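**Q** sequence unknown, structure follows:
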């Protein structure tokens, strides 16, 4: 059973058992005092329908939400969602690795703000450094040398004359290090990357990473559900900006598979 969250960030609802426990950490009474309509949408649409939709597991929804909040530097409510993630089956090691990963994809200070939000949650759950991924794992995931060589050749020829430093760091830090860390499964690493890109409005970067996510095991239905979920946390405009890109990726993969 999900642990009871602190009253200041939990729904307090005298309602049916179906909505007695909410995955959305919010002070319903406080929200209702300002916007009763917002509370209704939070309870009925976001928590009652979106989070309950099994097109994407609660675990994945928690990862997607954390990635979106980090990318948008919305750390005020992040601690509550980290609790939701832990209660939904996300390991502390996976949250730790998500924060590390998004330092590179959402910006360093956004990750540092996430550290500040996670620290008290880890402390209250007795999560110690020994429970978290090592700074330098003894064994990394295998590298697809052919695919990485092709990616690096394209980036070098396209952008080497613009910034060799970016090209070199992309190879050495991201694709030959960060993406090979075993603390987060490749499919989940791709999922948080795509979620962060959509949440931040980085549409041009979505095709490569959405294709990579689906190569890593994210299904079309899960990708579609991720878009629906992100509409609430990144806003409808950001999601509609991403929709044509996702549509094209889906179509190209369907044509290739067909």
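**A** Cool, the structure landed. As the structure is a computational prediction, the values presented were derived from the model and not from experiment.
**Q** just checking, residue 184 touches residue 102?
**A** No - with contacts counted by Cβ atoms under 8 Å, residue 184 stays clear of residue 102, the gap being 10.7 Å. Using the backbone N, CA and C atoms, a C-beta is placed for each residue, glycine as well.
**Q** and for those two, which residues touch both?
**A** Residues touching both residue 184 and residue 102 by Cβ atoms under 8 Å, 6 or more residues apart in numbering: residue 192.
**Q** Which stretches in the stretch 1-150 of the chain count as helices?
**A** 28-34, 36-40, 58-71, 78-87, 92-105, 108-124, 145-159 (DSSP state H, counting those that start in this stretch).
**Q** ok, back up a step: more crowded one of residue 184 and residue 102?
**A** Per other Cβ atoms under 10 Å, whichever of residue 184 and residue 102 has more neighbours is residue 184, with 25 against 22.
**Q** quick one, what contacts the closest residue in space to that one that isn't next to it in sequence?
**A** In space, residue 184 comes closest to residue 97 once its chain neighbours are excluded; the distance is 4.1 Å by Cβ to Cβ, 6 or more residues apart in numbering. If you count contacts by Cβ under 8 Å, 6+ apart, residue 97 has them with 133, 181, 183, 184, 189.
**Q** swap the cut-off to 6 Å and go again
**A** 133, 183, 184 (Cβ atoms under 6 Å, 6 or more residues apart in numbering).
**Q** now do residue 84
**A** Counting by Cβ under 6 Å, 6+ apart, residue 84 makes contact with 23, 62.
**Q** Tell me who's in contact with residue 63.
**A** Here residue 63 is in contact with residue 192 (Cβ under 6 Å, 6+ apart).
**Q** pLDDT of stretch 88-104, averaged?
**A** Averaged over stretch 88-104, pLDDT sits at 98.
**Q** returning to what we had before: and the helices of the stretch 1-150 of the chain, which is most packed in?
**A** Of those, the one with the most neighbours on average (mean count of other Cβ atoms under 10 Å) is helix 58-71, at a mean of 25.
**Q** Fine by me, we can end here.
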